[in-house]
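fold the following and give me the result.
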Amino acid sequence: MLRRYGVKEMMVTSDHVFNVARDNKKFDISKYALHTINSDSISLEHVDFVRYLNPHFPVMVMELWCGWFDNWRGQSHQTQDINTLDVILSFLMESKSSFNLYMFHGGTNFGFTSGAVNFTKYDLISTTYDYDAPLTEAGDTTPKYFFIREQLLKFYKTISIPHLPEVPPNLPKAKYGSLKVQEIMDWTSLLSVIPMQFQENKLDYMENYRDRLGFHYTVGYIIYSHVLRPGMTWARRPGPHLTGYVSGRLTGVLDGETFYVGTDEGPIQEDDFLWDQKIESMTDGMKREKKQRSLQLDLMVENQGRVNFFHAKSKIINKQRRGLKGQVLREVFGIKDEEWSIKFLHFDKHQCETISKSPAWKSMKNYRRLLEDTEQTQKAAPALYRTYLDIEGSPRDTFVKLDGWTKGIVIVNNFNLGRYWSIGPQKTLYLPAPLLKEGTNEIVVFEEMFPGESITLQNKPVLG
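Presented below is the predicted three-dimensional model:
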């Protein structure tokens, strides 16, 4: 196909070593592409086989894994022992093989760019992609960096390169301290700020909707809202119930208050049948006393990340969708036409600017006073929280720590830093200096569940 569309450059593969075996006849596509391999454990057998397939080219390890990525819910930050790396580096240089370190600098999955893997279950990749790489997420050198440098220098000396350039020092990081939350935009106010994009009576996944420019919605959250008639009550049978299909993490909000939060496990298969068998507790949560007024039901589904690494026999890669599908609200012994409004929280720059400029923000002091005056408590529901950071002089890199918060994203000066999640292992978000400015900086937190009272900007990461 690539040739058909005019690609003339050399094509390469990057195959895991479990495919590299002489009895794997499907592996030999050497007439179409240059074979390269990837792993953190490569033997002489692997090198010899690649050399056999590509006799006129040097052996190339396209991905020499020198660490690994972290998953949310992981026990600790993934690391690789330097001694393990020493063995494989020595072997590759002795066998005159070329290699590319993966990752040399892992970096950060800013915004909603983090993905997932699915071998036996759906595992979400964290916001940090530090990878225990030679350079940290912030670009700092590590002991692993200097170890690799020394190993390479030994080789370079054999080809008359006696020394390497000096290594620049790591940049200083800032400890800006604790910032208390100053303002809130509650769930109801947030929905009033975000414009309705579609009105439907049969719901569909986010990818099947297009914006005004014709682009598909693919990231963030999709919100399906429906106004329930006055006096509606919930019972097992007969009566109203929820049905349909879900793919993604679901949060149910009724009358501005969360009554259901989906499992942290995420979808194992696409098109999971939703309500009656799998998540009956959701309708259980809606069984409350009759209220002679309309109530708004909001069903928010998050795309937590699409699978990009999976078992070879899996067909999931082209079937991943996020959201709800079908007719969701049903009444037993009756027929009801559904009317749903559909909105998106993708937190791109334009949407962040709209939120930032909105008059819907309330000071926390006035908000709490209003709750006291009306003898109410703050409803547990997704909301936005805002604070400000004043910087004198040139900004520096820093790390955002959210003790007491649960799950959501952090936005700095209308830039989506990415997800945080109290289940870890990652406990800080990397905030690069170029995203900050001298003077006043706006920091917004979208919290899906239970907020903290402040955030901390510190000079060291905590990756678990």
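
average model confidence for stretch 219-238?
Averaged over stretch 219-238, pLDDT sits at 78.

nope, stretch 50-60 is what I meant
On average, stretch 50-60 scores 89.

just give me how far it sits from the chain centre.
For stretch 50-60, the distance from its own C-alpha centre to the chain's C-alpha centre is 38 Å (Cα atoms, centre = their mean, to the nearest Å).

so which bits of it are buried?
For stretch 50-60, the buried set under the neighbour-count rule, 16 or more other Cβ atoms under 10 Å, comprises 50-51, 53-54, 57, 59-60. To be clear about C-beta, it is placed using only N, CA and C from the backbone, and glycine gets the same treatment.

same deal with stretch 415-424?
Quick answer for stretch 415-424 (16+ other Cβ under 10 Å): 415-421, 424.

which of those residues sits closest to Thr127?
Nearest to Thr127 among the buried residues of stretch 415-424, counting by Cβ to Cβ, is Gly418 at 3.7 Å.

excluding chain neighbours, what is closest to that closest one?
Spatially, and ignoring its direct neighbours in sequence, Gly418 is nearest to Thr127 (3.7 Å; Cβ to Cβ, 6 or more residues apart in numbering).

tabulate the buried residues of stretch 415-424 (TSV), appending pLDDT and secondary structure.
Shown next, in TSV, are those (pLDDT from 0 to 100; DSSP: H, G, I helix; E, B strand; the rest coil):
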residue	pLDDT	secondary structure
Phe415	99	strand
Asn416	99	strand
Leu417	99	strand
Gly418	98	strand
Arg419	98	strand
Tyr420	98	strand
Trp421	97	strand
Gly424	96	coil
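
could the residues you listed be laid out in TSV, adding distance to Leu297?
Formatted as TSV, the buried residues of stretch 415-424 follow (distance: Cβ to Cβ, whole Å):
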residue	distance to Leu297
Phe415	32
Asn416	27
Leu417	31
Gly418	29
Arg419	25
Tyr420	27
Trp421	26
Gly424	32
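
need the max-distance pair from these.
Phe415 and Gly424 (23.5 Å).

and the helix ranked longest in the chain, what's buried?
Secondary structure assigned by DSSP state H gives helix 143-157 as the longest helix of the chain. Buried residues in helix 143-157, counting neighbours by 16+ other Cβ under 10 Å, are found at 144-145, 147-148.

how far off centre is that helix?
Distance, stretch centre to chain centre, for helix 143-157: 34 Å (Cα atoms, centre = their mean).

on that earlier part again, nearest to Asn459, out of the buried residues of stretch 415-424: which one, please.
Leu417 (16.7 Å).

name the helix or strand for Ile223, please.
strand 221-228 (DSSP states H and E).

from the buried residues of stretch 50-60, which two are the most distant?
Farthest pair in those (Cβ to Cβ) is Leu53 and Met60. Separation: 11.5 Å.

now do the shared contacts for the two.
Here Leu53 and Met60 share no contacting residue, scored by Cβ atoms under 8 Å, 6 or more residues apart in numbering.

ok so, going back, what's in contact with the strand holding Ile223?
Residues from elsewhere that reach strand 221-228, judged by Cβ under 8 Å, 6+ apart: 191, 194, 203, 206, 209, 294-303, 322-324, 328-329, 338-346.

kindly recompute the last result at 6 Å.
203, 206, 294-302, 323-324, 340-345 (Cβ atoms under 6 Å, 6 or more residues apart in numbering).

of those, select the buried ones using a ChimeraX command.
Typed into ChimeraX, the line below selects the buried ones among the contacts of strand 221-228, using 16+ other Cβ under 10 Å:
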select :203,206,295,296,297,298,299,300,301,302,323,324,340,341,342,343,344,345
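
centroid residue for this structure?
Nearest to the mean C-alpha position of the chain, by Cα atoms, centre = their mean, lies Ser114 at 3.7 Å.

quick one: that residue from Val219, how far?
10 Å (Cβ to Cβ, to the nearest Å).

over to Glu375?
Counting by Cβ to Cβ, the gap from Glu375 to Val219 is 40 Å.

nearest spatial neighbour of Lys460, skipping sequence neighbours?
Using Cβ to Cβ, 6+ apart, the nearest residue to Lys460 is Phe399, at 6.5 Å.

within the helices and strands, which one has the one you found?
Counting by DSSP H and E, Phe399 is found in strand 398-401.

which other helices and strands contact that strand?
If contacts are counted by 3 or more Cβ pairs under 6 Å, 6 or more residues apart in numbering; DSSP states H and E, strand 398-401 sits against strand 428-431, strand 454-458.

strand partners of it, parallel vs antiparallel please.
Partners of strand 398-401 in the sheet, by DSSP bridges, are strand 428-431 (antiparallel), strand 454-458 (antiparallel).

any chance of CSV for these, columns mean neighbour count and mean pLDDT?
Output for those, formatted as CSV (neighbours: other Cβ atoms under 10 Å; pLDDT from 0 to 100):
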stretch, mean neighbour count, mean pLDDT
strand 428-431, 25, 99
strand 454-458, 19, 99
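
let me have these in JSON lines, extended by distance to Asp255.
Converted to JSON lines, those look like this (distance: least, Cβ to Cβ, whole Å):
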{"stretch": "strand 428-431", "distance to Asp255": "32"}
{"stretch": "strand 454-458", "distance to Asp255": "29"}
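
so which of those gets nearest Leu85?
Across the strands paired with strand 398-401, closest to Leu85 is strand 428-431 (Cβ to Cβ), at 23.8 Å.

helix or strand next in line after the closest one, which one?
strand 439-447.

what's the closest of the strands paired with strand 398-401 to Pro359?
strand 454-458 (23.8 Å).

what lies in contact with the closest one?
Against strand 454-458 from outside (Cβ under 6 Å, 6+ apart): 175-176, 178-180, 398-402.

so which of the residues you listed would you say is closest to Ser247?
Leu402 (27.3 Å).

please tell me how far Leu152 sits from Asp132.
From Leu152 to Asp132 the distance is 19 Å (Cβ to Cβ).

ignore the last one, Phe110
19 Å.

from memory Leu64 sits against Ser98, does it?
No: Leu64 lies out of contact with Ser98 (Cβ atoms under 6 Å); the separation is 9.8 Å.

quick revisit: chain center to the strand holding Ile223: distance?
Distance, centroid of strand 221-228 to centroid of chain: 23 Å (Cα atoms, centre = their mean).

pairing partners for that strand, with directions?
strand 295-302 (antiparallel), strand 340-345 (antiparallel).

where in the chain is the helix or strand with the lowest mean pLDDT?
The helix or strand of the chain with the poorest confidence is strand 272-273; it has a mean of 52 (mean pLDDT, DSSP states H and E).

wait, which of the strands paired with strand 398-401 is closest to Asn308?
Nearest to Asn308, of all those, is strand 428-431, at 21.4 Å by Cβ to Cβ.

determine the three-state secondary structure at the residue with the largest distance to the centre of the chain.
Relative to the C-alpha centroid of the chain, counting by Cα atoms, centre = their mean, Ser160 is the outermost residue, at 45.9 Å. With DSSP: H, G, I helix; E, B strand; the rest coil as the basis, Ser160 sits in coil.

can you give me the pLDDT of it?
Looking at Ser160, its pLDDT stands at 94.

do a quick rundown of the helices in this protein.
In the chain, the helices defined using DSSP H lie at 44-53, 82-94, 143-157, 187-193, 280-285, 349-357, 364-373.
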